[in-house]
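Trainee: kindly return the folded structure for what I paste below:
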Amino acid sequence: MRADSLWRAVLGVEQTVVEDVWFDEDELVVVVSVRPVARQRGRCGRCRRHCSGYDQGRGGRRRWRGLDLGTVRVFVEADSVRVTCPDHGVVVAHVPWARHDAGHTRMFDDQV
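Mentor: Numbering: from 1, shown residues only. Next up is the predicted model:
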């Protein structure tokens with residue numbers, strides 16, 4: 001099994017490309033840098049309709065809390081892209097690993 005396939009399985013993230021994994025020694029957390037696969041990019045966070053891009057987001061990168069690996073906390077990190085939806089206006093783009101406006105992954109939400 002390739003490393004990115006292993007991390008996708010451990011984190012429970014589908015339709016996602018794992019770009020990098022590192023251990024943040026200052027915060028004592030594992031950070032997994034990801035991005036949605038090409039066909040999932042540019043979708044409205046609310047209705048998941050393909051939309052035109054607006055910007056790369058005001059906050060730059062964003063983190064979602066994932067399931068812990070033993071005693072070590074895990075965060076999924078990605079660019080916070082925004083799109084212009086005809087129905088919802090400017091919204092944060094959909095990401096396949098989390099629900100809209102959630103600060104944690106779907107697997108974390110399901111576990112809790």
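
Trainee: from here on, contacts and neighbour counts on C-alpha atoms
Mentor: Noted.

Trainee: can you tell me how far the residue nearest to Gly12 when sequence neighbours are not counted sits from Ser52?
Mentor: Closest residue to Gly12 apart from its sequence neighbours, by CA to CA, 6 or more residues apart in numbering: Met107 at 6.2 Å. Distance of Met107 to Ser52, computed by CA to CA, to the nearest Å: 29 Å.

Trainee: that's a strand at the residue nearest to Gly12, yeah?
Mentor: No - using DSSP: H, G, I helix; E, B strand; the rest coil, the assignment for Met107 is helix, not a strand.

Trainee: ok, it - contacts?
Mentor: Residues in contact with Met107 (CA atoms under 8 Å, 6 or more residues apart in numbering) are 11-12, 66-67.

Trainee: now rank those by neighbours and give me the top one.
Mentor: Ranked by the number of neighbours (other CA atoms under 10 Å), the contacts of Met107 place Gly66 first, at 27 neighbours.

Trainee: roughly how far out does the helix or strand containing it sit from the chain middle?
Mentor: Element membership for Gly66 (DSSP states H and E) is strand 61-69. Here strand 61-69 is found 8 Å from its chain centre; the criterion is CA atoms, centre = their mean, to the nearest Å.

Trainee: and the helix or strand following that strand, what other elements does it pack with?
Mentor: Moving toward the C-terminus from strand 61-69, the next helix or strand (DSSP H and E) is strand 72-79. The contact analysis (3 or more CA pairs under 8 Å, 6 or more residues apart in numbering; DSSP states H and E) places strand 72-79 against strand 29-36, strand 61-69.
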